[in-house]
Each structure stands twice: as C-alpha cells, then as structure tokens.
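J.: 3D, please:
(6 chains, ligands or ions: 6)
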6 protein chains.
Amino acid sequence: MQRLIEGFNRFRLESFPEKRELFEKLSAKQTPHSMIITCADSRVVPEFFTSSEPGDVFVCRNVGNIVPPYAQFTGGVSAAIEYAVAVLGVANVVVCGHTDCGAMKATMTPESVDKLPAVSAWLRHAHVAKHVVDNNYSHEASADTLASLTEENVVAQLDHLRTHPSVAARLARGNLTLHGWVYDIENGGIKAYCAQRGHFVSLSQVLENGESWPTATPPARLSGVLGNAA
Amino acid sequence: MQRLIEGFNRFRLESFPEKRELFEKLSAKQTPHSMIITCADSRVVPEFFTSSEPGDVFVCRNVGNIVPPYAQFTGGVSAAIEYAVAVLGVANVVVCGHTDCGAMKATMTPESVDKLPAVSAWLRHAHVAKHVVDNNYSHEASADTLASLTEENVVAQLDHLRTHPSVAARLARGNLTLHGWVYDIENGGIKAYCAQRGHFVSLSQVLENGESWPTATPPARLSGVLGNAA
Amino acid sequence: MQRLIEGFNRFRLESFPEKRELFEKLSAKQTPHSMIITCADSRVVPEFFTSSEPGDVFVCRNVGNIVPPYAQFTGGVSAAIEYAVAVLGVANVVVCGHTDCGAMKATMTPESVDKLPAVSAWLRHAHVAKHVVDNNYSHEASADTLASLTEENVVAQLDHLRTHPSVAARLARGNLTLHGWVYDIENGGIKAYCAQRGHFVSLSQVLENGESWPTATPPARLSGVLGNAA
Amino acid sequence: MQRLIEGFNRFRLESFPEKRELFEKLSAKQTPHSMIITCADSRVVPEFFTSSEPGDVFVCRNVGNIVPPYAQFTGGVSAAIEYAVAVLGVANVVVCGHTDCGAMKATMTPESVDKLPAVSAWLRHAHVAKHVVDNNYSHEASADTLASLTEENVVAQLDHLRTHPSVAARLARGNLTLHGWVYDIENGGIKAYCAQRGHFVSLSQVLENGESWPTATPPARLSGVLGNAA
Amino acid sequence: MQRLIEGFNRFRLESFPEKRELFEKLSAKQTPHSMIITCADSRVVPEFFTSSEPGDVFVCRNVGNIVPPYAQFTGGVSAAIEYAVAVLGVANVVVCGHTDCGAMKATMTPESVDKLPAVSAWLRHAHVAKHVVDNNYSHEASADTLASLTEENVVAQLDHLRTHPSVAARLARGNLTLHGWVYDIENGGIKAYCAQRGHFVSLSQVLENGESWPTATPPARLSGVLGNAA
Amino acid sequence: MQRLIEGFNRFRLESFPEKRELFEKLSAKQTPHSMIITCADSRVVPEFFTSSEPGDVFVCRNVGNIVPPYAQFTGGVSAAIEYAVAVLGVANVVVCGHTDCGAMKATMTPESVDKLPAVSAWLRHAHVAKHVVDNNYSHEASADTLASLTEENVVAQLDHLRTHPSVAARLARGNLTLHGWVYDIENGGIKAYCAQRGHFVSLSQVLENGESWPTATPPARLSGVLGNAA
Ligand SMILES: [Zn+2]
Ligand SMILES: [Zn+2]
Ligand SMILES: [Zn+2]
Ligand SMILES: [Zn+2]
Ligand SMILES: [Zn+2]
Ligand SMILES: [Zn+2]
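T.: Ligands and ions are numbered 1, 2, ... in the order given. Prediction:
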C-alpha cells in the first residue's frame, strides 16, 4: 500500500502541477484520436509506447487483449468499442498483443488454467487463434509457437472487431483505420499486421526505410454508393 | 494515424532507451503490487496518477470502471480479477471512478444511450448505484447527483468485487486490501472510500494531516481460525 | 400419492376450519414481515421453526439456499428478492442454511454430482464458499469442514444479496435487516451470523443470556445524507 | 424482527420438544415422498395444506410457481427437480398455483412490473400461459381471466417439467406421477388438473364423490419395451 | 466449386424455365401449408420426400433436427417456429429425424465430439432422449440403440415444441397438427409417431392398409371454452 | 395434412424408386461438397437452384440465413458449421439470401416484430447490416433499401462466419471457399458477392461472359508458413 500512497503523493506534488493547464482543458470533454485495446499486463503501458498524453487514447485493457465478437449478450469490450467508435468517433482502433503474455501461454496449455474458471471461460475467445496455429503451423520450439499464437490472436480479434455494427459501418465507408500490433517488452519494438501482405512487419524498419505504415484495415466497399447519408 | 506513428517513433528513440534496463528485467516476468480497475476514459491514466513504472500495476480498463458480480457466465473483468488476485497475488485492488464520466452520465439518463445497445447492456451493472441514489439522495443540482452516483458506483462495484471467490477467500483471511477511489480530472485530487466511516475522504487532506490511509477493506473474519491451511 | 390425498383431506376437514377467519382476511392481500431464503430440503420447514402463520413469511426455497448475485440475466431468486424487498417491503431477509445439507456435501465433493448437470451448474454459486474454506480453514474431520462450509455459504450468499439493487438501496439507508442462519435439524437450534463479531452465535444462548439479537446487516451509510427522497 | 425472535423462542420451547424424536430420526437422511413446486407467496404454505410433517415434502418455492424448461443454462428450479427426481427419487411432483397470485396479475399486465427487471425477466416463463389465454379465452371480467391464467400457467409449467431429462425418463416408464393444482387461499379448496379430461376438477368433490384422484401424468409409453435396464 | 457452377447453370437453363409461372406467382408472397424441422444432413431433402414444390414447405434444418425448448434467450429454431406458426399460420409442424444420423451417433457417444465444442453444446438439447433410452431400453446391439435414440429424440423435440407460446396456444385450441417422423435413407420409408398409441408406425403400411394417418398432436383442451377470442 | 399424405405417397411410389441405387449408396455415409446456409423461406429450395442430388449439399436453414458469430454460448448454426467444415470437410460454404425476404423486411422495421420476441431476438444478428445501410446508403425507394440490406446481410454473415475457429483455420491456409449469394425468387437469378471487387455481380452474366466465378473468400495468409502440420 505504501507504493500507492507515495505514488499519489509524488503525482500531486510533482507531475500534476506540470500539466495543470492540460487537465483544465480536459476537465469537461475528451476527444481521443485512437482507441487501444491491449492486455492488462503491468508491463504493457499503451500511453507509454505511443508517447500519449492524457486525453489522447481511449484504453480498454483485459487479459489477452481479447475482442469478443458482437453477439446478443454483450460485455465490457463491446460497450467500450461502441462508445469509442460511435460516440467519441475515434479515427483508429489498435488491437495490441505483447511478448511473454500469460494469457497466450494459458491458451497454449488450457489445462494450466483448469482451476481458474473465469480465465478459462474468457480465453475461449482466443481458441480460434489456437485452432489456426494447430492446423497450420509446424514449429519445433514452443517459443516460436507462442510468437505465432500471439500474432494469430491479434488477427482473430481484428476479425471479431469487424462483427461490431459500429465498426462494420465505418469500415464499409472507409473512414476508420484498424491496427494489429504485437509489442515486444524486452526491446520496445512493435510488429504490425499488414492486411495487404497478410503478415506482420516491424514498425522500426518501416520507419527506418520510409515505407508506408502498415494497417489491418480491409478495403472500403461503399465509398462509391454514398449519397446524402450521414 | 500520424499521431500514432510519431508517438511510437518518439518512444523508440527517446523514452525506451532511458528504461532499457528496467524492460530487460521485466522481459520474462511481472510482479505488480496492485490491480487497478478504472474507466477507459482517455483522461484517466492510472499509471500517471499513481506515479507507476511499467511492471507496477496490473490494469483493467472498461467503460465506467465496472466490476460485474461473479456469476456463472463470466467475462473479461472476472478473468482479470482472478488472474491478478489468484495468480499474480497482488496486495491491493483499486476500483477507481472519475469526474465527468460519460458512463455515469449515461447511467443517470439511460434513454440517452438507447441507440447504443452494448453500452446500455453493460451499464446495467451500474443500475444498483442509480437505485441507491434515487432512493436515498435528494439533490437539487444534477452536478451533485453525478458526483453522488460516481461515488455510489465505486461502492457498488466494491460490493461486486467481494462476490469473486479469489477475492472473498483473501478478504476473509485479511491479506488483501481494497481501495475505492474517485479521481478528479480537473484538479488531480483523489477521494477515497473509507469503509469504517462509510463515506469518501480526500487523500490530499489525509496526507497533509498525517491521517491513516482510508481503505475499503471489510474486517478480516478468519484470522483466528487459521490452522495450517495455505 | 395416498399421502397427498389423505393429507389434503385432513387439511380440509381439520386444520383449515380452525383458521378460516385468518384465511378470509388474507384472501386478497399479503403483508409478510420477512422473506426467508432456505433450502428445498424436506426437513427444513421455515414456517415451523419461526412459528409463522400463513401470511407471515415470504419463502423462497432452492437447493442449498443459494442467492445468485444480481447480474444481467436474472433468475427466480432475483425475482423473489425484488418482489419481496421492493414490492412487499419486508423488514427482514433471512438466508438460512442447515445441517446435513446435501447441497453442501455436493459442493465439498463436486465429482459426486458430475452426472447431475443442473445441480452442478447451480452449485457453482456456492464455489465461493468452498474457496474460502479451502484457503483458510484447516480441519481434520470432514464433519467440521461441512459445518464450516455451511456457515461460509450463508456468509457468501449474504454478500450476493447485497449486489441486488433493491437490497443495496435499503441497506444504504439502514431500513432493512439481514439475517444469516444455520438451522440444526437434530436439535432444533439456530446459529446466526453476527456481522459485528464476524462469526456465528447460538440464538438459544442469546435468548437465555438476554444478549442483543445478532444480525448480518452492514452499518447504514446514508442516514445522514437523506433529504426529501422517498 | 421481534416476530422472528419470538417465533424462534416459541419453537424451541414448545413445538420442537413435541417432535424431538422425529427430528432425531431425520437428522442424517431425508426420504420425501413428493416434491412440491409452489409460489413464494406467504399465504401458500404447502406443508400446511398437505398436512405434511418435516421430512415429507421437498419444496421449491419461487414467484409464480414457475418451472423453466430444461435448457443449456439451467438455474435453481432445474437443479431442484434433478435433485428430487434423480437423487431422492420422489414418487410425485406437484406444481401448485394459487388464487390472488401477484405473479399472475403481473403476467396479465406486464407494464405493471416495468420497473422490476428481475421479476419481468422471470415471468417471461409464464408468457406461454398468457398467450394461450389471449388466443383462446374470451372473458368479460378480469377476475375470470386471472383464474384462467392461473390454471393455464400450471398446465404450461407441467409441459416445461416434461422437458427435464430426469422427469422425461421416469414419465416414459410410468413411475412418476405429476399433479397440477390451484390452491384457493380463501376457502382452502384445491382444483387439480386432470390430463385425461383436459381441465381442472375440485379435489373436495373428488373426495366427496369417491371419484378417482385426477393427475397430470401423461400415459406411460415404454412399459412394454423395458428389458433389464435400471 | 465446379459442381456449384454447373448446378446453377443447369437450373437457369433447364429447371427454372419449366416453373417460371409458379415463381412469378410466388415472387411477393409465401403461403406454405407446413413447417418441416429436419436434419442438415445432405441426404435428407424434405421437399423431395414430401414431393413439395417451392412455396409448399417452410424448412428449418439443423444438426439433429433439434427444437430447443422456449427459454428466455432464444435462437434460430425458436425464431423459425414463431414465424411459421404465428405469422405464416402453417397448419402442420413436422419434426423429422432420419437413419444413420451423425448427430444421434454423437449423442450416443458424447466423448466422440469432445473436440467439437459447438456440436457438443448444441446436442445437449438431445440429452433428454439419451436419458430416456439409458433408463428404459435394454438393447444388445448398438444399431438398435441408435434407432431407439433417433425415435426418442423426435419425441423429446416434440415435447420441446409444446413449450413455445405460439405452438401451445394453437394446440390448446386444436388447430395445429404435429407430426414426428423418422425418415429411412436406405429404403425411403417414414415411421411416424402416433401420440395415441405411444409408438412409431410405418406410413407405407398406413397407406397400404387405409388406416388413419398417425399424428403427434395432443388432444385439444380448449375447444369448449372458446368465446369470441381471435 | 392431405398434402403431406399425398406428397409422401407420390414420393414412395414414383420418385424414390427412380433413385433407389443412389440411396443405397448413401445409406451409411454422406460426403457433401458444399454447405449451404439459407433462409427457411418455403420458396427458397437450395437443392433446386443448385441442381443438387441427395447427398450433395449439407443444408442449414433459418429465418434470414443468419450466421451468429462464434461466441461462448453457441447454438445450432455454429454446430452445423463446425460439423460441416471440421467433420465433413466440405470444400465450399455458401451463405444465400433472397429477394422478398420477410426477415429482411422485419430488420428494416423492427417495430413490426415487437410482438414476436424470438424473431426479434434472432434478427439482432442482422442489425449490423442495418447499421451499415443506415450509415452509408441513401435510397429514395424502400425497395432499393431492401435490396441493399439483403446484400449487406450476406456480407455481414460472411464476416461472422470468419469468427468460427474451424472456418478461420481453413481460410488461413486457403483450402475453403466462401460464397455470398442473393437468390432472386421471381427470375431465378443469383447475384454473388465478389470479395475482390467489393460488390455483388450476376452469376448469369458471369457464365455468359465466361468470366471467372466470383467468391467471398479472403486471400490465404499462411500457405507459406506450412510445414508438416495436418
Ligand atoms: Zn498479456
Ligand atoms: Zn468514465
Ligand atoms: Zn440443504
Ligand atoms: Zn403467487
Ligand atoms: Zn442427421
Ligand atoms: Zn427469407
């Protein structure tokens, strides 16, 4: 508890005063440019690796950066997506996994979480990724399997994302950008899914080579049919 | 998208190198001291107002800092609690609301989210707070009602937290500390629920007066009965 | 079937005529003072051990005197609580377990009900009690474990009770009394949970010693804030 | 609370001692001959109108004597049926409605429980009865409609009962008897559904006329095919 | 894919032109006389064995010709029944199983579909049939058990059908006819459930002997009480 | 009922004998090349417009040719997909809508099915299509809106299809072909969704112009990574 006490004390005496003006501006309204859905893991701080200020990114964090498909009985992630995409109108949605993810390890060996019924139930939303890996990859080392699973999980959750009405509507029109990332805790790198190429690429290399930024957005379908609809 | 690109670039060139050693240490293990459940709101950055480093706090963020009660069909928040409390063994769980919360405003006027089915469904978990306010408070200004509702929502979600088996077991023994906070975006203050007094108190005043830190933990019941159980 | 036939015949010829006046008065209205949630067990007749007349107690009986937490998809117990507390306005809610309870035995050894899917699913609501016992008690005899589990189950269901909006609202104000009992089939005794002391006490001793009656009610929080709200 | 205190005191001093021997015999085992599913209404005491002693009848009570059909996600009533029919092996299951039932009134005018979400959700299991009445009966007085609805609800819940595997198996063989009753609070009468005639008859008249006892049991189908199965 | 291409080509050049007039008549309205609920099995073409033209039969096909009971959270089969019975007003509902059904084999040996979570979950609706067979039949050959299970599954799904409000209302009045069939893939025969006799009979023999057509309809109960209701 | 009787009689005397050999071959095994998910509408007979013989196509029919996304609590369509794709190994999955669809009309005007709770609940799976149309199309005539909605519904259900593990695994590898069709009842035409072009094209024109057959299959991603996995 001491760490919470000291942490708040440092915040109120040191870091808050530096940003007082920003917070005054933010006190009655938020206009984040992006939504980030990432893992609850303590080492994965999305504001940190996107150099975001308070007010910049709307953040949904859960075990395994899961996006359940939109179904009749929806939960917290669905609510967050609906709020970010339909109410706040964010321009980007990022689904961000990470290396050494406990949720991905548990998905690889489901029997390891047999005594954790809530975790087991939740991770069923990642079974699709395991199914893809089991049926398509042939790795020797389990480290490779973990890396593949982490990537396939991001791809699968992006597919789930498209079943949400608010997302589907804006994707059809082409005014929402999706991103699928895997953050590397050890070296700070990010690999991003490129929908055109069908695999992940290093963002550092993209920046260094001056390549165009890879996204997970499917092609817009309806830009031609638009009339005077909102 | 430009902001995401530039943000990551600044991170890899500037902020990551400063913490390279920390991340190497963290690359294969996390040992956070606390779990923080707070709103997805872009202005509420829990690592910021607790001066936390990567690896310090396990973070679950959703619209309205909701904790659904533990029931037969559990979702992401239940999984996060189970993982943090039973696997990671965090010492504290903080439920943190905030001022100007869109989710609380929507709870006050449910008809405002009629067109948002996922948000509406999710916020049913906050109806208990609205019920408490409607039946017990008599405010003139709606700003007061919003403040009361935000506090009552934190109290209600703390009650939900106690229905989770992993939490109940450690509360009975007395080795888990609960905190119920409301963070003030404008002035950086935090009000904390004091279970003994039954209301919220300012943490800044607590620090300035050298009072003991208020918690939402109910009294341990079973410290006397413990034998050789783990 | 013979027992049902004879039973009704005795009732219509003997017991009904004795209470004809009471039933006439009751024919268009009920005003019970208490709700009792207890086990379906044939040996546990709540009207009997509370010396209640028809019209006195609103009774919800299910396997294991379970109170599921209030969640989005509610069932029969939630409906009964809502009806008793919000419509009928009962002054007390009693959650009453009992000795030699088959549901508690099944909770101790879940594999014994593997072939009973509905019972297994229902008793998941009592897992929280098993989790508390497994992690905190160290008994040698299983009889002791059964007794502890039966008590912890009552405590857990009382915690579930507090997640119901109608209950939370009246508890906050302080005008609803909760009781957590364990009824002893063999000797007719009742042990009641005392929230202040954090353990169960014998009601017979309470009566004999003239002590104040123990309740499971948490302290009222909002008596001070009340204005003209209903 | 005074009534609970005095009630228990009278029980321990007066009624328990009279049955001490019975309770000793019951302390480690129950062998009820029947299961009774009836309303939580305080005026409907099933042990009373069947002249049952402790240990005679296994009792499930909920708002509206509802029996949800057996589905994938089962609740408390399903668990009670499974336990009574498959574990305890009761010979009879009685579904018993009653006059002046608040749940039936709420089913007639669903808008009257709009503010009671748990009650509304639960009573959806009685909509089938309302649908039958709306499409088949033409009453002038609403009292008549209430009586018809109460009867049709018992018939519908009996149909739901047949979807439960443990019930279906014993009905097919012909060794379980079903009863559908409506208890009249004012005059103590019971009307029972006669499956053969397809309507309700007065049990008092049956007894007075020496007629055979009406049941809701469908004809056994499989008595001929039985070999050495258990 | 070639077979789909060629199949459509043959249809548009050969079979469609023969029925052009029928399709013009059907283009804005359907008035099917029956609903058929049967298995998705490719060998079971209900239009074929009932010599139906387009527009004659409303068809719901799923794995195992399952009819989940009507519950609070309904799916596709419930929607189809409601639409066929309440909107289209079909005169008959046929539940049709078949020989060599993969779903029935999976129900006999549930462990064979352990790796198929969706199939396993869905077939829980057929467990009632397995329970009836296990507790009542004693077969030596598993072929006999498969045949019995297939028949009992049809009977069970017919019982589920009666829990649907739209069906219950019309059955009570007596203006809906139910049929329970088992179609024999090898020899084209159909066995139909006769509710009066409680077992299945061959429709070919019925036709050859000029017997009356067997149905699964329970007796109408309410034809006498009808007044001016719709 | 007469039509069912005569239909079966014609089948057994005329159409079955013509195909006796085919049915003998099929009696113990099915090996369909395709799965077709289409509407329960009586005018839409998938075997007819694909010129399929018994044994050729595995057919799932429901109101509105809906494919719920794969979620934790799956129903009949999920089971059918899993069985067809993972067990039977079909090469194609067709999602086929049609003109004049009652389900699509109900989706356009949800208030028209307010009295049909099961239909309303089921059609929530088509809301995503309505959301896409409402936010992107601007039609004057409602006939146009119906056509657009019918197409968008097929596109949306194809997106749902990709969330099913068995489908995702085979799509990643590239050995499953998806088709999205709208069948025109009046003129027998079929329009098919072309994933590359992002809109629907007439299959008759494709055939007449000798164009390549349009499919809804996304590009295979993993053909390169395959090692010795099954
Ligand atoms: Zn993680
Ligand atoms: Zn908020
Ligand atoms: Zn019990
Ligand atoms: Zn009642
Ligand atoms: Zn089949
Ligand atoms: Zn249709």
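
J.: which secondary structure elements does the lengthiest helix in chain A contact?
T.: Longest helix in chain A by number of residues (criterion: DSSP state H): helix A:142-161. When contacts are defined as 3 or more Cβ pairs under 8 Å, 6 or more residues apart in numbering or on different chains; DSSP states H and E, helix A:142-161 packs onto strand A:92-98, helix A:102-108, helix A:127-136, strand A:177-183, strand A:190-194, helix F:165-173. Quick note: C-beta positions are derived from backbone N, CA and C, even for glycine.

J.: That helix near ligand 1 at all?
T.: No: using Cβ under 5 Å from the ion, no contact is recorded between helix A:142-161 and ligand 1, whose separation bottoms out at 8.7 Å.

J.: where are the low-confidence patches of chain A?
T.: Within chain A, the stretches with pLDDT under 70 are A:72-73, A:139-140, A:223-230.

J.: pretty sure residue A:70 is touching residue F:128, no?
T.: Yes: Residue A:70 is in contact with residue F:128 according to Cβ atoms under 8 Å; the separation is 6.8 Å.

J.: So which of those two has more stuff around it?
T.: The residue with the greater number of neighbours, taking residue A:70 and residue F:128 and applying other Cβ atoms under 10 Å in any protein chain shown, is residue A:70; the counts read 31 against 26.

J.: Let me see the contact set for the residue nearest the centre of chain A.
T.: Geometric centre of chain A, nearest residue: residue A:95, 2.1 Å, by Cα atoms, centre = their mean. Applying Cβ atoms under 8 Å, 6 or more residues apart in numbering or on different chains, we find residue A:95 in contact with A:37-38, A:65, A:67, A:154, A:157-158, A:161, A:178-181, A:216.

J.: Roughly how far does it sit from residue A:34?
T.: Per Cβ to Cβ, to the nearest Å, residue A:95 is found 11 Å from residue A:34.

J.: Domain ranges for chain A, per the record?
T.: Under automatic domain parsing, the residue ranges defining each domain of chain A are A:1-30, A:32-221.

J.: now, of those, which is deepest in the fold?
T.: Comparing these on average neighbours per residue, with mean count of other Cβ atoms under 10 Å in any protein chain shown, the densest one is domain A:32-221 at a mean of 22.

J.: Pull up the distance across that domain, start to finish.
T.: Taking Cα to Cα, to the nearest Å, the first and last residues of domain A:32-221 lie 26 Å apart.

J.: And for stretch A:199-215?
T.: For stretch A:199-215, the first-to-last residue distance is 11 Å (Cα to Cα).

J.: Is it in proximity to chain F?
T.: Yes: taking Cβ under 8 Å from any Cβ of the partner chain as the criterion, stretch A:199-215 and chain F are in contact, through residue A:199.

J.: With stretch A:165-176 instead?
T.: Yes: residues of stretch A:165-176 are located near chain F by Cβ under 8 Å from any Cβ, namely A:165, A:166, A:168, A:169, A:170, A:172, A:173.

J.: right, and the fourth one touches residue F:137 too?
T.: No: the pair residue A:169 and residue F:137 fails to qualify as a contact (Cβ under 8 Å) at a distance of 10.6 Å.

J.: got a list of contacts for the helix or strand harbouring residue A:80?
T.: Per DSSP states H and E: residue A:80 is located in helix A:76-82. The contact list for helix A:76-82 (Cβ under 8 Å, 6+ apart) reads A:35, A:37, A:58, A:60, A:62, A:66-68, A:70, A:93, A:161, A:164, A:166-167, B:40, B:62-63, B:66, B:68, B:75-77, B:116-119, B:121-123.

J.: The residue of chain A found nearest ligand 5 - nearest residue in space that isn't next to it in sequence?
T.: Evaluated by Cβ to the ion, chain A has residue A:131 as its residue closest to ligand 5, separated by 24.4 Å. Take residue A:131 and drop its neighbours on the chain: the residue closest to it by Cβ to Cβ, 6 or more residues apart in numbering or on different chains is residue F:165, 3.8 Å away.

J.: so where does residue A:163 fall, helix or strand?
T.: Judged by DSSP H and E, residue A:163 forms part of no helix or strand.

J.: contacting residues around it?
T.: Shown in contact with residue A:163 (Cβ under 8 Å, 6+ apart): A:69, A:70, F:69, F:128, F:156, F:159, F:160, F:163.

J.: If we use 6 Å, what do you get?
T.: Contact partners of residue A:163, counting by Cβ atoms under 6 Å, 6 or more residues apart in numbering or on different chains, are A:69, A:70, F:69, F:159, F:160.

J.: do the same with residue A:221
T.: Taking Cβ under 6 Å, 6+ apart as the test, what residue A:221 contacts is A:172, F:198.

J.: Phi first, then psi, for it.
T.: In this entry, residue A:221 is assigned phi and psi values of phi -100, psi -30 (degrees, to the nearest 10).

J.: so residue A:154 makes contact with residue A:98?
T.: No: with contacts defined as Cβ atoms under 6 Å, residue A:154 does not count as touching residue A:98, sitting 9.9 Å away.

J.: and the residue nearest to the centre of chain A, bridged to which residues?
T.: On the basis of DSSP bridges, residue A:95 takes part in beta bridges with residue A:37, residue A:180.

J.: Distance check, it against ligand 1.
T.: 12 Å (Cβ to the ion, to the nearest Å).

J.: Could I get the domains of chain A in a markdown table, plus columns for distance to residue B:195?
T.: As requested, the domains of chain A are exported to a markdown table (distance: least, Cβ to Cβ, whole Å):
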| stretch | distance to residue B:195 |
| --- | --- |
| domain A:1-30 | 14 |
| domain A:32-221 | 25 |
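
J.: any idea which element residue A:138 lies in?
T.: Here residue A:138 is assigned to no helix or strand, by DSSP H and E.

J.: separation between it and residue A:148?
T.: From residue A:138 to residue A:148 the distance is 10 Å (Cβ to Cβ).

J.: I'd like the distance between the closest residue to residue A:159 other than its chain neighbours and ligand 4.
T.: On the basis of Cβ to Cβ, 6+ apart, the spatially nearest residue to residue A:159 that is not a chain neighbour turns out to be residue F:162, at 5.1 Å. Summarising the geometry, the distance separating residue F:162 from ligand 4, computed by Cβ to the ion, is 49 Å.

J.: Phi, psi for residue F:162 please.
T.: phi -70, psi -10.

J.: Quick check: it vs chain B, distance?
T.: In this structure, residue F:162 and chain B are 20 Å apart, going by Cβ to the nearest Cβ, to the nearest Å.

J.: Could you do residue A:136 as well?
T.: Using Cβ to the nearest Cβ, which is the criterion applied here, residue A:136 is 27 Å from chain B.

J.: So what touches stretch A:59-68?
T.: When contacts are defined by Cβ under 6 Å, 6+ apart, stretch A:59-68 is touched by residues A:36-40, A:46, A:77, A:80, A:95-97, A:103, A:125-126, A:157, A:160-161, B:40, B:59-61, B:76, B:79-80, B:83.

J.: what sits against residue A:190?
T.: With contacts defined as Cβ under 6 Å, 6+ apart, residue A:190 is in contact with A:181, A:183, A:203.

J.: so which of the residues you listed comes closest to residue D:20?
T.: residue A:183 (70.3 Å; Cβ to Cβ).

J.: In contact with that closest one, which residues?
T.: Residues counted as contacts of residue A:183 (Cβ under 6 Å, 6+ apart) are A:96, A:98, A:190.

J.: Kindly recompute the last result at 10 Å.
T.: Taking Cβ atoms under 10 Å, 6 or more residues apart in numbering or on different chains as the definition of contact, the neighbours of residue A:183 are A:38-39, A:41, A:43-46, A:48-49, A:65, A:96-99, A:101, A:150, A:189-191, A:203, B:8.

J.: and what of residue A:200?
T.: With contacts defined as Cβ under 10 Å, 6+ apart, the neighbours of residue A:200 are A:147, A:150-151, A:154-155, A:180-182, A:190-194, A:214.
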